[in-house]
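Chemist: compute the structure for the input listed below.
(2 chains)
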Amino acid sequence: MELENANPEQEKDPGTQPEQSETHSEAAKDAEKRADEPLPREAAPSIVRATMDERKLASRSRRELLKVAPVLVLGAFAIPSLQETVLKRGLGFNDWASKLLFRRGHLAPTFADSALTPFEKFPINDYDVDDPGVILENWTLTVGGAVQKPGDYRLDRIQGLPRIRQNTRHVCVEGWDVIGRFGGARLSDFLVMIGADTSARYITVACADDYYESLDMATALHPQTLLCYEMYDQPLTREHGAPLRLQIPTKIGYKQAKYLTDLKVTNVLEKVGYWEDQGYSAFYGL
Amino acid sequence: MSSTVLEITRGKGEDTEVAGRAAYEHPLVVRLCHWLNAISLFVLAGSGLQIFRAFPSFGAKIPQKDLLNWPKSFAIGGWLGGALQWHLTFMWIYIATGVIYVGYQIFSGNYRQVLFTRRDLPGVWPMVRHYFFFGPKPEVREAYNPLQKNAYTLAIGLGVLSVLTGLAVWKPVQFSWLAALMGGFHWARLWHFLVMWALLAFVFGHLVMVVIHGWNNFVSMLTGWKKDPEY
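Modeler: Numbers count the residues shown, from 1 in each chain, chains lettered A, B, ... in the order given. Okay, here's the model as predicted:
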């Protein structure tokens, strides 16, 4: 070895770094650069060959420290006035990605009857009252928006559509889950019946308990998305949303509104949903 | 596999003296990923525990038996909706930095200094003996000793598991095959929780070692340069 500052690993495997300078002043720089390059497979333990002045090391270290500074961008999340904005952006990005991941033809898992959670152990979850006092005999679903046949639809019109029964998992945003048996009409069939413009972006619903929700059209057209009027082969009980609720195995629980009174097809959302408007995910597909 | 060690000199010409040694151990990509990932893991654990507070059980909803009452002051987000915003935002930073880190390590070959392989196996016990039973200190010839390689390699494995279990909890329908692998959404949630604790255990050990051994280690994760390495 005639060059004092040559790299020990290069001696062994000259093919890996053909263009490397081997002058004294460049050696330290090379060592730094080399750390970013592929290393030969079987290198010997390193041997001190190259040198660097301590002031040069100090300035180089400072420069490298500055390069890590972009990490401080995350500090935006700690600034109270920015926090809400950046978190909303994050949630928006998350919803965008969720929409991309949603596949119209992909079905949610279904389960055998033996896997069902017993009806009495299916939680009753609402934001307000268990029973908003719907007068079932007079009930109609008021349909409006981008549809050819707006108006009030009685339950028997919906029950006249093909009845779907499915055992699917109901997942609550809190983290618990149950497997229930649901029956009803496909929302997509109902949309055909009312002459809905399915190129519109959203379905919105209003409820007897003043709850409200919205649904993207792709999910509304999913074959497992039901206008549900049965649970466990019995008419919906009042606490579970009689006479009609949404049942959507591809969505989180809070999107599956109960006690429906109004349904609209629309391109514009004034409000997203009761929980969404307080900061929950607007899409929340499972 | 280790970085080239330089001799650090003081003074000029005839008066030059050796002031120490230094090695460039951590490329910028590694350092950036390390800190971004560390911050996001902190936020994910904190917000995850706040999400857990909404239903602190892995059993049935009816009847509900709480596993533990995690204190709100050790959680992030304040309420379920807030915690979800933190969690669903930082998971992207966590995944991105993880993917970039692993990708960089593979394509640069840098993984060879840290990946635990069969060759490192015999060196594990002497290191354990040294750390826990006051055994003699094994000779260090590389940037990472066998026990470190073992811990860092396992941590990457846990990171991958945290993402996979998380995906199964986040999208149990779109990733139904993944959820099924874990026993469905219900159990994926438990695995996700357990992987978090395993990661926190790793972080705890990592921090203890940094405090005991490693001001120079800590600085090297900031500047890339490690002063007076042992090898």
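
Chemist: does the host helix or strand of B:I39 reach chain A?
Modeler: Using DSSP states H and E, B:I39 falls within helix B:28-54. Yes: applying CB under 8 Å from any CB of the partner chain, one finds helix B:28-54 touching chain A at B:28, B:31-32, B:35-36, B:39, B:43, B:51-52, B:54. (C-beta placed from N, C-alpha, C; glycine too.)

Chemist: need the contact list for the residue of the stretch 51-200 of chain A found nearest chain B.
Modeler: Of all residues in the stretch 51-200 of chain A, A:G90 sits closest to chain B, at 2.6 Å by CB to the nearest CB. A:G90 is in contact with B:85, B:88-90, B:92, counting by CB atoms under 8 Å, 6 or more residues apart in numbering or on different chains.

Chemist: quick check: phi and psi at it.
Modeler: A:G90 adopts backbone torsions of phi -60, psi -40, taken as degrees, to the nearest 10.

Chemist: do you know the pLDDT at the residue most central in space within chain A?
Modeler: Closest to where the C-alpha atoms of chain A average out (CA atoms, centre = their mean) is A:S98, at 4.1 Å. Note for A:S98: predicted pLDDT of 96.

Chemist: what parts of the stretch 101-250 of chain A come near chain B?
Modeler: Residues of the stretch 101-250 of chain A lying near chain B (CB under 8 Å from any CB): A:101-103, A:106, A:108-109, A:117, A:120-123, A:169, A:171-178, A:249-250.

Chemist: ranges for the helices of the chain?
Modeler: In the absence of a named chain, chain A is used. Listed in chain order, the helices of chain A (DSSP state H) span A:8-12, A:24-34, A:54-67, A:80-101, A:155-159, A:187-193, A:217-220.

Chemist: other chain: chain B
Modeler: Secondary structure of chain B (DSSP H): helices located at B:28-54, B:80-108, B:121-133, B:146-170, B:176-181, B:185-213, B:215-223.

Chemist: pipe those into JSON lines and attach mean neighbour count and mean pLDDT per row.
Modeler: Listed next are those as JSON lines, based on neighbours: other CB atoms under 10 Å in any protein chain shown; pLDDT from 0 to 100:
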{"stretch": "helix B:28-54", "mean neighbour count": "20", "mean pLDDT": "96"}
{"stretch": "helix B:80-108", "mean neighbour count": "19", "mean pLDDT": "95"}
{"stretch": "helix B:121-133", "mean neighbour count": "14", "mean pLDDT": "86"}
{"stretch": "helix B:146-170", "mean neighbour count": "19", "mean pLDDT": "94"}
{"stretch": "helix B:176-181", "mean neighbour count": "17", "mean pLDDT": "96"}
{"stretch": "helix B:185-213", "mean neighbour count": "16", "mean pLDDT": "94"}
{"stretch": "helix B:215-223", "mean neighbour count": "17", "mean pLDDT": "89"}
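
Chemist: my read: B:M91 touches B:L167, true?
Modeler: No: look at B:M91 against B:L167 with CB atoms under 8 Å: they stay out of range, at 9.3 Å.

Chemist: my read: A:G183 touches A:P162, true?
Modeler: No: look at A:G183 against A:P162 with CB under 8 Å: they stay out of range, at 11.0 Å.

Chemist: of those two, who's got more company?
Modeler: A:G183 (20 against 7; other CB atoms under 10 Å in any protein chain shown).

Chemist: quick one: the more buried one from A:V205, how far?
Modeler: Note on A:G183: its distance to A:V205, by CB to CB, to the nearest Å, is 19 Å.

Chemist: can you check A:H240 too?
Modeler: From A:H240 across to A:V205, the span is 16 Å (CB to CB).

Chemist: can you pull out the strands in chain A?
Modeler: Assigned by DSSP state E, the strands in chain A fall at A:51-53, A:141-145, A:151-153, A:163-171, A:177-186, A:202-207, A:212-216, A:226-231, A:234-235, A:245-247, A:260-266.

Chemist: which neighbouring elements make contact with the last one?
Modeler: If I follow you right, that is strand A:260-266. strand A:141-145, strand A:202-207 (3 or more CB pairs under 8 Å, 6 or more residues apart in numbering or on different chains; DSSP states H and E).

Chemist: partner strands of the last one, with direction?
Modeler: Each strand that strand A:202-207 pairs with, and the sense of that pairing, follows from DSSP bridges: strand A:212-216 (antiparallel), strand A:260-266 (antiparallel).

Chemist: chain center to the first one: distance?
Modeler: Remark: strand A:212-216 is offset 15 Å from the chain centroid, using CA atoms, centre = their mean, to the nearest Å.

Chemist: now the angle from that strand to helix A:80-101?
Modeler: Strand A:212-216 runs at 50 degrees relative to helix A:80-101, counting by axes from the mean of the first three to the mean of the last three CA atoms, to 10 degrees.

Chemist: export only the CA atoms of strand A:212-216, formatted as PDB.
Modeler: Output in PDB follows, covering the C-alpha atoms of strand A:212-216 (Å, rounded to 0.1, in the frame of the first residue of the first chain):
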ATOM      1  CA  TYR A 212     -78.200  12.600  10.300                       C
ATOM      2  CA  GLU A 213     -75.800  10.900   8.000                       C
ATOM      3  CA  SER A 214     -74.300  10.800   4.500                       C
ATOM      4  CA  LEU A 215     -73.000   8.000   2.400                       C
ATOM      5  CA  ASP A 216     -70.800   8.000  -0.700                       C
END
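
Chemist: need the residues that contact that strand.
Modeler: Contacts to strand A:212-216, defined as CB under 8 Å, 6+ apart, come from residues A:99, A:201-207, A:225, A:246, A:248, A:251, A:254-255, A:257, A:269, A:271-274, A:276, A:282-283.

Chemist: dump the residue contacts of the residue in chain B that chain A sits nearest to.
Modeler: Closest to chain A within chain B is B:T89: 2.6 Å, counting by CB to the nearest CB. With contact taken as CB under 8 Å, 6+ apart, B:T89 is in contact with A:86-87, A:89-91, A:93-94.

Chemist: PyMOL command for the buried members of those?
Modeler: The buried residues among the contacts of B:T89 can be selected in PyMOL (16 or more other CB atoms under 10 Å in any protein chain shown) with this line:
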select buried, chain A and resi 86+87+90+91+94
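
Chemist: now the contacts of B:T89 in JSON lines, with pLDDT?
Modeler: Shown next, in JSON lines, are the contacts of B:T89 (pLDDT from 0 to 100):
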{"residue": "A:V86", "pLDDT": "92"}
{"residue": "A:L87", "pLDDT": "93"}
{"residue": "A:R89", "pLDDT": "93"}
{"residue": "A:G90", "pLDDT": "94"}
{"residue": "A:L91", "pLDDT": "95"}
{"residue": "A:F93", "pLDDT": "96"}
{"residue": "A:N94", "pLDDT": "96"}
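
Chemist: next, format the contacts of B:T89 as TSV and append distance to B:A143.
Modeler: Below are the contacts of B:T89 laid out as TSV (distance: CB to CB, whole Å):
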residue	distance to B:A143
A:V86	36
A:L87	38
A:R89	38
A:G90	35
A:L91	40
A:F93	36
A:N94	37
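
Chemist: that'll do, ta.
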